[in-house]
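S.K.: the amino acid sequence is not available; the structure is as follows:
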């Protein structure tokens, strides 16, 4: 069964550093998303991406965040200057109409120290 | 803003029994209501989707009902097994246009022998 692949699985970074989280969505999907889940809390929407542009973003997704689809397969989330409160699991998801649900990756656990 | 409540943080049942999980939401009904399974440290896995004009949907041992008057969905797992132990998430797709999902906090199901 097709999968959404995320790398790295774990990332530890110092506060103020830039991080890039990487995702390879399912190849024929057109809609891409980033979500995050702080430990013990609910899954929260960050941003959706379609046709090479952001279609919607949440209040969490401020100027420190950006997304990019640099080629036909990768989808990245960049955090420019990480803060302690950015520590969370970050999930990439992709979607295609007619399937029903969204396919999530296994996540990247980001720890900011 | 839309609020989603899932019944009790944890639900313990005996193997072979039917587990029933509840999802209540406020404000307007979503176009689609989805249920996901999440195992510790993993991403959500899509289980079932039900549309606002549907009352019930089934898939193998799973059943979802949707009552837009009560603003409630029930998720049933019949003949539950220890392997069903996980956190189950309710998620709303308000517009049905591949936009964001809004998740509940989840119910942790533990199936014991």
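M.R.: Structure's in. What do you need? Quantities reported herein were computed from a predicted structural model and do not represent experimental measurements.
S.K.: which bits of chain B sit near chain A?
M.R.: B:34, B:36, B:38, B:41-49, B:89, B:91, B:98-106 (CB under 8 Å from any CB of the partner chain). Yep, even glycine has a C-beta here, placed from its N, CA and C like the rest.
S.K.: from chain A, which residue is nearest to chain B?
M.R.: residue A:101 (2.8 Å; CB to the nearest CB).
S.K.: so where's chain A shaky on pLDDT?
M.R.: Chain A contains residues with pLDDT under 70 at A:99.
S.K.: roughly how far apart are the residue in it sticking out farthest from the centre and residue B:95?
M.R.: Ranked by distance from the centre of chain A (CA atoms, centre = their mean), the top residue is residue A:98, with 22.6 Å. Applying CB to CB, to the nearest Å, the value for residue A:98 to residue B:95 is 17 Å.
S.K.: same check on residue B:24?
M.R.: Distance from residue B:24 to residue B:95, by CB to CB: 20 Å.
S.K.: setting aside sequence neighbours, what's the nearest residue to residue B:26?
M.R.: residue B:3 (4.5 Å; CB to CB, 6 or more residues apart in numbering or on different chains).
S.K.: burial check on the one you found, number of neighbours?
M.R.: Neighbourhood size, residue B:3 [other CB atoms under 10 Å in any protein chain shown]: 10.
S.K.: one more: residue B:79?
M.R.: 12.
S.K.: thinking it is in contact with residue B:16, fair?
M.R.: Yes - the criterion here is CB atoms under 8 Å, and residue B:79 meets it with residue B:16 at 6.0 Å.
S.K.: what do those two both touch?
M.R.: In terms of CB atoms under 8 Å, 6 or more residues apart in numbering or on different chains, residue B:79 and residue B:16 are not both contacted by any residue.
S.K.: measure the nearest residue to residue A:95 once chain neighbours are set aside to residue A:92 for me?
M.R.: Excluding the flanking residues, the one nearest residue A:95 by CB to CB, 6+ apart is residue A:31, at 4.2 Å. Counting by CB to CB, the gap from residue A:31 to residue A:92 is 12 Å.
S.K.: compare neighbour counts for those two and give me the winner.
M.R.: Neighbours per residue (other CB under 10 Å) separate residue A:31 from residue A:92, with residue A:92 holding more: 27 against 19.
S.K.: what residues does the more buried one make contact with?
M.R.: A:4, A:6, A:21, A:23, A:25, A:32-35, A:75, A:77, A:104-105.
S.K.: of the residues you listed, list those near chain B.
M.R.: A:4, A:33, A:35, A:104, A:105.
S.K.: state the pair within those that is farthest apart.
M.R.: Pairwise distances across those (CB to CB) peak at 11.5 Å, for the pair A:4 and A:35.
S.K.: list residues touching both of the two?
M.R.: Common neighbours of residue A:4 and residue A:35 (CB under 8 Å, 6+ apart) are A:92, A:93, A:104.
S.K.: name the nearest residue to the residue positioned nearest the centre of chain A, ignoring sequence neighbours.
M.R.: Nearest to the mean C-alpha position of chain A, by CA atoms, centre = their mean, lies residue A:34 at 3.3 Å. Among residues not flanking residue A:34 along the chain, residue A:46 sits closest, at 4.3 Å (CB to CB, 6+ apart).
S.K.: this completes my enquiry, with thanks.
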